[in-house]
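Undergrad: Structural data only, the sequence is not supplied:
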């Protein structure tokens, strides 16, 4: 039976399949994260043209990219996730095209390097699509195209000038919008060196010829470096609270560790990272699915690589018993240049974030800095395996495994973002149920949300999306502020009455005060709570961190418009209203407690119990215990209170405050007995 063989025309299909396996299996269940929310909010409420002034103080050359893409793509998370898939597919295929221009005799090896680039497991930010497609991936595509045209110019002397001009234009488009890729340009020098080495003998002639080809790009690179130095020192740059590395001594002291860490992470560790992460939770469904995907992807990759024919003739002799390995062409002539280029790419790619004093931590928002090391990391590991493993079939299996591990890591990451999106939507709908409407200029203050990829600025956009239909610049109606981060700073200087709260938000600003604030708390395994001094919440939560309890004194729930209808969250970007489980009943009970409707609370708990819903957090029993007590059902109130205290002893102070409130209103109640029973004191 004739052996199945794959030809070069199958490669785009392979990149498409790899993109879907790595990034597309869960994309309908993902959404907006991090800066996606502010950017989507600007596009929706202020319009695409607002991105031009919005980026003046951040990255002024990025504004036009956001302007163009947001005019083409609506503020629908699903559409942006689809756009991200297309961009990633294009980046992988373009990387293969670039590397083939540089090493045309090693198409199998360049295919491997490009696939490793596509699934590069050190970069976990793919699903922050609105932000990173505009901020990094589109400029990176320009940069890769620039590399491609440089290589074409050298291999096609008849079109050298036109290709070089286009390459220079694309370099400008790739390097000026973001500082991420300033470390990539020396790779072009190395690529030119590799190409010219085919026909130029001797070290000195190669250097001279390489510099003759590289110098126009070098001038643009220097111009960009001068621009960045000027821009940062001018005080115009306000994007992040970064501390640039200063002083030769400090640089020399930290550099070996920083760059050694980058080489270890981007060159070695990330390729096996998924095995370490999944080993912590071997029995969970996500881990089992991830490991199953890795195994299946490994089999597919190995089969494909063992049966692909990239030889010029694309023919196989009919009498061959088994196909030759895809990696049978003189690997070492590719391996050493790839290894050296990859090493340089990793180290140079770390320069921008190191210069800004920012860390390179994996499985966090900081691993976005890996994007400038992806090309280097992929070439490094490809060259390393080529050098170390001499057996062709063994190399094939190792490469297949590395690509499969990259796919598994990205699927593992997708599940993290899926859960985060689900958690976001739960919180936003709890906002709608508990806070039907808000008076303008209200600050919502909280300690921290139990989410991985959102800041208070992210959620400020979502809150304004929920509670406003139109914005009148430069006024921003609402702000959500993390006290843990902002208290004592310029946004929230202190908690004294009437202290101004000013939150700049690109081209608009929230202006409020500590006397116009509502304090909330969302526990990791519980429902959103509006904290209220009237219900002694400062004492109730006194065993919690001060960043949560300190602002309770300024919380003013009267800023919640309780008689308004719950807002209908627009879909998209929010999901349709989820089924009414425990948190729905709790939010409605809290709202009823705010207006003193105790009967409604009793009815709500009865309905929740009838439907089989119960709290996971003992503190969520407090409204129901108080309602039962005030309705005269002291037996139920005391029974529920004892059970809650058994579940979480920290609730004791809240129960004591509850008994004392009821006693103050109803002196003849059994509250004194319960005050003694719960060791409340007098």
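TA: Sure, I can see it. Remember, it's a predicted structure, so these values are computed and weren't measured experimentally.
Undergrad: To what extent is residue 447 buried, counted in neighbours?
TA: 23 (other Cβ atoms under 10 Å). Just so you know, the C-beta spots here come from the backbone N, C-alpha and C atoms, and that holds for glycine as well.
Undergrad: how about it, what does it touch?
TA: 482-484, 521, 545, 547-548 (Cβ atoms under 8 Å, 6 or more residues apart in numbering).
Undergrad: quick one: contacts of the helix or strand hosting residue 590?
TA: Using DSSP states H and E, residue 590 maps to helix 582-594. For helix 582-594, the surrounding residues in contact (Cβ under 8 Å, 6+ apart) are 426, 429-430, 433-434, 436, 527-530, 532, 535, 557, 560, 562, 598, 600-601, 604-605, 607-608, 613-616, 620, 623-624, 626-627.
Undergrad: In ChimeraX, how would I select just the buried ones from these?
TA: Buried residues within the contacts of helix 582-594, by 16 or more other Cβ atoms under 10 Å, are selected in ChimeraX with:
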select :426,429,430,433,434,436,527,528,529,530,532,535,557,560,598,600,601,604,605,608,613,615,620,623,624,626,627
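Undergrad: if you look at the contacts of helix 582-594, which of them are in helices?
TA: 426, 429-430, 433-434, 598, 600-601, 604-605, 607-608, 623-624, 626-627 (DSSP state H).
Undergrad: farthest-separated two in these?
TA: 426 and 598 (26.8 Å; Cβ to Cβ).
Undergrad: residue ranges for the strands of the stretch 301-450 of the chain, please.
TA: Under the criterion DSSP state E, counting those that start in this stretch, the stretch 301-450 of the chain contains strands at 442-446.
Undergrad: Show me the shaky parts of it.
TA: 311-332 (pLDDT under 70).
Undergrad: can you check the stretch 101-250 of the chain too?
TA: 234-250.
Undergrad: how about the strands in the stretch 451-600 of the chain?
TA: Under DSSP E, counting those that start in this stretch, the stretch 451-600 of the chain gives strands at 475-476, 478-482, 500-505, 508-513, 517-521, 529-531.
Undergrad: Between the ones in helices among the contacts of helix 582-594, which sits nearest residue 401?
TA: Looking across those and measuring by Cβ to Cβ, the closest to residue 401 is residue 426, at 37.6 Å.
Undergrad: correct me, but the closest one touches residue 578?
TA: Yes. Shown here, residue 426 and residue 578 form a contact pair, counting by Cβ atoms under 8 Å, at 7.2 Å.
Undergrad: Can you report phi and psi for residue 140?
TA: Main-chain dihedrals, residue 140, degrees, to the nearest 10: phi -70, psi -40.
Undergrad: what do you get for the one 10 residues further on?
TA: Its backbone dihedrals place residue 150 at phi -60, psi -50, with angles given as degrees, to the nearest 10.
Undergrad: Distance check, it against residue 380.
TA: 21 Å (Cβ to Cβ, to the nearest Å).
Undergrad: cool, residue 160 as well?
TA: 30 Å.
Undergrad: swap in residue 438?
TA: Applying Cβ to Cβ to residue 438 and residue 380 gives a distance of 52 Å.
Undergrad: neighbour count winner among the two?
TA: Between residue 438 and residue 380, counted using other Cβ under 10 Å, the more crowded position is residue 380 (26 against 21).
Undergrad: Now for that one: which residues touch it?
TA: When contacts are counted by Cβ under 8 Å, 6+ apart, residue 380 touches 266-267, 338-339, 342-343, 345-346.
Undergrad: go on, residue 310?
TA: 8, 107-108, 111, 326.
Undergrad: just the residues you listed now: which is nearest residue 194?
TA: For those, the nearest to residue 194 is residue 107 (14.8 Å; Cβ to Cβ).
Undergrad: distance of the closest residue to the closest one other than its chain neighbours from residue 382?
TA: Leaving aside its chain neighbours, residue 107 sits nearest to residue 310 (4.2 Å; criterion: Cβ to Cβ, 6 or more residues apart in numbering). The spacing between residue 310 and residue 382, counted by Cβ to Cβ, is 15 Å.
Undergrad: Mind listing what's buried along stretch 570-577?
TA: 572-575.
Undergrad: closest to residue 229 among those residues?
TA: Relative to residue 229, and with distances defined as Cβ to Cβ, the nearest of those is residue 573, at 38.4 Å.
Undergrad: pretty sure the closest one contacts residue 41?
TA: No. Between residue 573 and residue 41 there is no contact under Cβ under 8 Å: 9.1 Å.
Undergrad: How many neighbouring residues does the residue lying closest to residue 281 once chain neighbours are set aside have?
TA: Among residues not flanking residue 281 along the chain, residue 287 sits closest, at 5.0 Å (Cβ to Cβ, 6+ apart). Look at residue 287: counted by other Cβ under 10 Å, it has 18 neighbours.
Undergrad: Does residue 455 touch residue 480 like I think?
TA: No. Look at residue 455 against residue 480 with Cβ under 8 Å: they stay out of range, at 9.4 Å.
Undergrad: These two: which has the busier surroundings?
TA: residue 480 (26 against 18).
Undergrad: From residue 588, how far off is that one?
TA: 22 Å.
Undergrad: Might you report the residue contacts of the closest residue to residue 44 other than its chain neighbours?
TA: Counting by Cβ to Cβ, 6+ apart, residue 75 is the residue found nearest to residue 44 once chain neighbours are left out, at 4.6 Å. By Cβ under 8 Å, 6+ apart, residue 75 lies in contact with 40-41, 43-44, 572-573.
Undergrad: And what about residue 75, helix, strand or coil?
TA: Of the three states, residue 75 takes coil under DSSP: H, G, I helix; E, B strand; the rest coil.
Undergrad: tell me the phi and psi of the residue nearest to residue 281?
TA: Dihedral angles (degrees, to the nearest 10) for residue 287: phi -60, psi -40.
Undergrad: isn't it right up against residue 276?
TA: No. Between residue 287 and residue 276 there is no contact, the gap being 11.7 Å when judged by Cβ under 8 Å.
Undergrad: Between the contacts of residue 380, identify the one with the most neighbours.
TA: residue 266 (32 neighbours).
Undergrad: I'd say that residue and residue 349 touch.
TA: Yes. Between residue 266 and residue 349 there is a contact under Cβ under 8 Å: 7.5 Å.
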